[in-house]
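Asks: here you go, sequence then predicted model.
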Amino acid sequence: MTVKASSRAAVRALLIAGAGLAASAALILGLTASKCDGGGGRPDASVAFPAITDAGSDGPVPTSPVIGRRPDSFAGIVKKVKDVVVTISTKQVVVNQPTYGMPFNFFSPHDIPPQKQVRTGLGSGFIIDKSGIVITNNHVVKDAAEVLVQLSDKRELPAGIIGRDDRLDIAVLQIPEPVSTAAVLGDSDTLEVGDWVIAIGNPLGLANTVTAGIVSARGRSSWDLFGEIPGYADFIQTDASINPGNSGGPLVNLDGEVVGVATAIIKEGQGLGFAIPISMVKQVLPQLIKDGRLTRAWMGIFIAPVDAETAAGLHLGTPHGAMIAEIVEGSPADAAGLEKGDVIISFADHEIGDAGKLPWLIATSPIGEPLAVKVVREGKEKEMKVTLLPMPENP
């Protein structure tokens with residue numbers, strides 16, 4: 001069949017579109033998946049479609065590269081990590097004071113003893129040291145009178161809480177017996193949006209449930225999730241299915257390394273799970289294990305995000321930085337001359353693009369050393385020094 005020159009471009013476009021559709025279908029069916037060494041590693045990114053030529057054209061039609069492929073199976077990765085994942089069950093004793101709904105009470109409140117109720121909870125965790133050290137979320141074991149850890153071999157052991165941090169939502173447990181395996185903690189800072197990840201845990205008590213997905217976003221703060229003043233978490237967002245009971249379980253990359261701690265979901269949506277980056281956890285683990293708590297640096301400010309209107313008024317260009325909403329009297333910020341309404345755009349030589357990043361940056365900075373702070377005040381940049389103090393009990 002002869003094709004007119006004016007139609008050749010359309011034919012080439014159809015050929016390219018057809019190749020793209022065929023590739024999409026093949027990926028869905030798993031026909032083009034490349035193997036990963038030992039079930040891990042990054043997918044091969046070097047494969048591309050062959051050039052499609054059109055007789056009478058000036059050259060080959062551009063190719064459509066395949067830049068990433070789903071592995072044949074996640075089984076090899078799961079085998080590497082399944083034995084480090086544990087089920088955590090808790091018991092909490094709640095004391096309820098009796099209420100009186102009758103119009104006439106013939107007994108004094110002191111005559112009826114408080115009612116005790118035992119509440120149970122389930123969560124997940126993972127072993128990080130063969131001596132029996134386990135990581136989970138603090139909210140999994142908070143206020144628990146009893147904590148039990150069930151290993152992959154079904155042994156159930158009592159656990160003590162040796163360290164915890166409510167703001168980061170991390171707890172460190174110790175079981176009384178050594179174990180034969182422990183998780184490898186990876187580097188969450190190298191994660192990219194679109195990377196494959198696997199969540200392993202015990203959703204709704206279904207032990208060793210494995211789900212897979214991708215990194216949907218990085219750097220989600222509690223402003224993004226709940227509209228709250230940020231704590232310290234800089235969440236990884238994933239569409240790997242996370243459900244109640246997954247809390248505290250590992251988020252794993254294709255090398256079988258833990259890159260996050262599953263922590264939160266948004267119930268109103270689907271595929272909206274969040275994990276604490278393991279790099280943040282690794283930063284505080286030594287102190288949690290040694291001291292049982294964290295000593296954080298304190299600046300003495302309350303902050304708010306910078307919206308487009310504020311950014312325009314201060315000539316910031318795009319919205320960035322953290323606006324000081326309040327300063328604690330007598331705090332390091334007060335002593336340094338910072339003022340309410342200042343927008344912090346740089347702290348200790350770190351640019352502040354998102355206000356949610358500043359609390360963690362301050363908390364993990366050295367105490368007692370002068371640090372550079374750059375602010376925008378009334379449209380002009382101003383630099384000063386602040387010396388942080390240990391965070392008080394009730395800041």
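Replies: Received it, and whenever you're ready, just let me know what you need.
Asks: need the pLDDT of Phe49.
Replies: Phe49 carries a pLDDT score of 31 in this model.
Asks: list the buried residues of the helix or strand where Gln287 lies.
Replies: Using DSSP states H and E, Gln287 sits within helix 278-291. By 16 or more other CB atoms under 10 Å, the buried positions in helix 278-291 come out as 278-281, 284-285, 288. All C-beta spots, glycine's among them, are computed from the backbone N, C-alpha and C.
Asks: can you lay out those as TSV showing distance to Glu339 and pLDDT?
Replies: Converted to TSV, these look like this (distance: CB to CB, whole Å; pLDDT from 0 to 100):
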residue	distance to Glu339	pLDDT
Ile278	37	97
Ser279	33	95
Met280	30	93
Val281	35	95
Val284	31	92
Leu285	37	95
Leu288	35	95
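Asks: now these as TSV including distance to Asn243?
Replies: Below are the buried residues of helix 278-291 laid out as TSV (distance: CB to CB, whole Å):
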residue	distance to Asn243
Ile278	21
Ser279	25
Met280	23
Val281	22
Val284	27
Leu285	26
Leu288	27
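Asks: quick check: closest non-adjacent residue to Asp187.
Replies: In this structure, Asp187 finds its nearest non-sequential neighbour in Ser279, 6.1 Å apart by CB to CB, 6 or more residues apart in numbering.
Asks: which stretches of the stretch 251-395 of the chain form strands?
Replies: Remark: strands assigned in the stretch 251-395 of the chain by DSSP state E, counting those that start in this stretch are 258-265, 273-277, 297-298, 301-305, 322-327, 343-347, 350-351, 370-377, 380-387, 389-390.
Asks: rebuild those strands as TSV, extending it with mean neighbour count, distance to Leu168 and mean pLDDT.
Replies: Putting these into TSV (neighbours: other CB atoms under 10 Å; distance: least, CB to CB, whole Å; pLDDT from 0 to 100) gives the following:
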stretch	mean neighbour count	distance to Leu168	mean pLDDT
strand 258-265	26	9	94
strand 273-277	26	7	94
strand 297-298	20	14	95
strand 301-305	19	18	91
strand 322-327	19	19	94
strand 343-347	21	19	96
strand 350-351	12	19	94
strand 370-377	18	21	95
strand 380-387	14	23	94
strand 389-390	13	17	96
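Asks: same list, those, but as JSON lines with distance to Ala363 please.
Replies: Listed next are these as JSON lines, based on distance: least, CB to CB, whole Å:
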{"stretch": "strand 258-265", "distance to Ala363": "18"}
{"stretch": "strand 273-277", "distance to Ala363": "14"}
{"stretch": "strand 297-298", "distance to Ala363": "6"}
{"stretch": "strand 301-305", "distance to Ala363": "12"}
{"stretch": "strand 322-327", "distance to Ala363": "14"}
{"stretch": "strand 343-347", "distance to Ala363": "11"}
{"stretch": "strand 350-351", "distance to Ala363": "13"}
{"stretch": "strand 370-377", "distance to Ala363": "13"}
{"stretch": "strand 380-387", "distance to Ala363": "14"}
{"stretch": "strand 389-390", "distance to Ala363": "11"}
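Asks: show me the strands in the stretch 51-200 of the chain, by range?
Replies: 85-96, 115-129, 133-136, 146-150, 156-158, 160-165, 170-174, 196-201.
Asks: go through the ones you listed and name the closest to Ser216.
Replies: Nearest to Ser216, of all the strands of the stretch 51-200 of the chain, is strand 196-201, at 9.6 Å by CB to CB.
Asks: what packs against the closest one?
Replies: When contacts are defined as 3 or more CB pairs under 8 Å, 6 or more residues apart in numbering; DSSP states H and E, strand 196-201 sits against helix 75-81, strand 209-220, strand 235-238, strand 250-252, strand 258-265.
Asks: and among those, the most buried is which?
Replies: Ranked by mean neighbour count under mean count of other CB atoms under 10 Å, these are led by strand 250-252, which reaches a mean of 31.
Asks: where does Ser89 land on pLDDT?
Replies: For Ser89, pLDDT reads 95.
Asks: burial count for it?
Replies: 19 (other CB atoms under 10 Å).
Asks: my read is that it contacts Ala144, right?
Replies: No - look at Ser89 against Ala144 with CB atoms under 8 Å: they stay out of range, at 9.3 Å.
Asks: next one: stretch 252-264 to chain centre, how far?
Replies: 9 Å (CA atoms, centre = their mean, to the nearest Å).
Asks: correction: the previous question concerned stretch 133-144.
Replies: Worked out by CA atoms, centre = their mean, stretch 133-144 lies 16 Å from the chain centre.
Asks: that one: which residues count as buried?
Replies: Within stretch 133-144, the residues scored as buried using 16+ other CB under 10 Å are 133-141, 144.
Asks: same deal with stretch 311-320?
Replies: 311, 314, 316, 319-320.
Asks: nearest to Gly337, of those?
Replies: Looking at the buried residues of stretch 311-320 and their distance to Gly337, the nearest is Leu314, at 18.2 Å (CB to CB).
Asks: distance-wise, check the closest residue to Leu316 other than its chain neighbours relative to Lys382.
Replies: Excluding the flanking residues, the one nearest Leu316 by CB to CB, 6+ apart is Val376, at 6.3 Å. Distance, Val376 to Lys382, using CB to CB, to the nearest Å: 8 Å.
Asks: and Leu285, by the same measure?
Replies: Distance of Leu285 to Lys382, computed by CB to CB: 37 Å.
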